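> A predicted structure for the sequence below; I have some questions about it.
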Amino acid sequence: MRTMTAAAARRTALAAQGFAAPHPASPPTRRSILRTLERTQLLQLDSVSAVVRAHYAPVFSRIGGYDRALLDEAAWNHTGRRPRRLVEYWAHEAALIPVEDWPLMRWRMEQYRHGRWGGAQNVLRRNPTLPQDVLEVIGEFGACTAGEVERHLELDRPRSKDHWGWNYSDTKVICEVLFATGELSVDKRVGFQRHYDLTDRVLPPEVLARRVDEPEAVRELVRRAATALGIGTETDLRDYYRLHRRQTEPALAELVDAGELEQVAVDGWDRVAYLAAGARTPRRVEGSALLCPFDPLIFFRPRTERIFDFHYRIEIYTPEAKRVHGYYVFPFLLDGELVARVDLRAERGTGRLLVPGAFAEPGRDTPAVVAELVRALRDMAEWLALDTVEIGERGDLAAALSRAAVTVG
């Protein structure tokens, strides 16, 4: 087993995720976005819109400012000339994946036949005919939100408000069950609301017809995870598609035997790593990027800490008084290292990108970090069509950023 340095492993991981390539010289196109997906394999979806929805940000981090409508079109529009290229499913949580990868999730759809949550079984017992009713409504009326299905069924029932958290109506729960089992898919989103439709009206027949047994599907998912990560431990590869160890260990053994993965030791890592065949290890990684909390480079926090020596936790659900860095914090990548973190908020009504807090990592060259962070914040504001960047007072970088007088326009 050969040994890699931790720095080489880090550069391999960054190159696999697209951070060793320059931004396109011309305005990014639909093809540019899909090439990014060839590297990341998926884009996690999340409802938080403090800055921009989570699936948009990783593309910006890799290729710079682009028209978000191009990504919307690839995921939620379909024409003969420009067919749908991405589809939603439970991959690494809710995510956009290539349409052709949907059959790789059939085993998971079978696991979810009674829903992803225990509460769904209670709804099914209470309303045993509701799944068929929902399918018939959508079959007749076309893509609908859960609320529209409910109105068609004349089930305008008040939602329970007796506990904290999401309080879905029974109809919404059943729509999610049918989405999890693959009977429904997402035709489009409007205002980030899912519009469910029959899957055979969302996906092409050749995709629906493809059958992949679980071992083959898992092996392919591990292969895709290895492509996206470049190098990773078993737990890294397992987490990318939220697999189970009993699934990944046989798949890894087969991929190693086939020469598609190589077992290597990485200095400072406490377990064996798997290097993807053909993964590139550049001599240097240059450039900067603001990474949203759900970016595939950092969404598995143990890997982030192992590769970058960067302890990171999202603090959205932490009471404000107990937050260390802020509500929605973006790590800042500079020349292959995570060197700072900034709490960000897009205030669209006033055209401002707010930076309530900015914090340098220990031992970093603060003037260099500030100069590059100013540029990155300016680029993000321009991409989001915001007029100004306003720096708050929290964090050891705040004063220096303020002096830099960051203004877009």
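In hand now; what should we look at? Every value quoted in this text rests on a predicted model; they were computed, and no experiment measured them.
> mind checking pLDDT for the closest residue to His311 other than its chain neighbours?
Setting aside the residues directly before and after it, His311 is nearest to Glu305 in space (CB to CB, 6 or more residues apart in numbering), at 5.5 Å. For glycine as for every other residue, the C-beta is placed from the backbone atoms N, C-alpha and C. In this prediction, Glu305 carries a pLDDT score of 98.
> Quick check: Glu305 is in a helix.
Yes. According to DSSP: H, G, I helix; E, B strand; the rest coil, Glu305 belongs to a helix.
> tally of neighbours for it?
13 (other CB atoms under 10 Å).
> what's the answer for Asp46, then?
Per other CB under 10 Å, the neighbour tally for Asp46 reads 18.
> who touches Ala400 in this structure?
Listed by CB atoms under 8 Å, 6 or more residues apart in numbering, the contact set of Ala400 reads Thr366, Pro367, Val370.
> and it, how far is that from Arg341?
Applying CB to CB, to the nearest Å, the value for Ala400 to Arg341 is 15 Å.
> now Thr129
Summarising the geometry, the distance separating Thr129 from Arg341, computed by CB to CB, is 51 Å.
> now do Val329
Counting by CB to CB, the gap from Val329 to Arg341 is 5 Å.
> Can you pull the residues that touch both of the two?
Between them, Val329 and Arg341 share the contacting residues Tyr312, judged by CB under 8 Å, 6+ apart.
> Name the residues that touch the one helix or strand Val369 maps to?
With elements taken from DSSP states H and E, the one containing Val369 is helix 366-383. With contact meaning CB under 8 Å, 6+ apart, helix 366-383 is reached by 51, 60, 64-66, 288-290, 332, 334, 339-340, 342, 344, 353, 355, 358, 360, 387-389, 396-397, 400-401, 404, 406, 408.
> Show me just the buried residues among these.
51, 60, 64, 66, 288-290, 332, 334, 339-340, 342, 344, 353, 355, 358, 360, 388-389, 397, 400-401, 404, 406, 408 (16 or more other CB atoms under 10 Å).
> Just those: which are in helices?
Counted as lying in helices by DSSP state H, out of the buried ones among the contacts of helix 366-383, are Phe60, Ala400, Leu401.
> sorry, back to before: show me which of Thr129 and Arg341 is the more surrounded one.
Taking other CB under 10 Å, Thr129 and Arg341 do not tie; Arg341 has more neighbours (24 against 8).
> Kindly confirm whether my reading is correct that that one touches Tyr328.
No. With contact taken as CB atoms under 8 Å, Arg341 and Tyr328 are classed as non-touching, separated by 10.8 Å.
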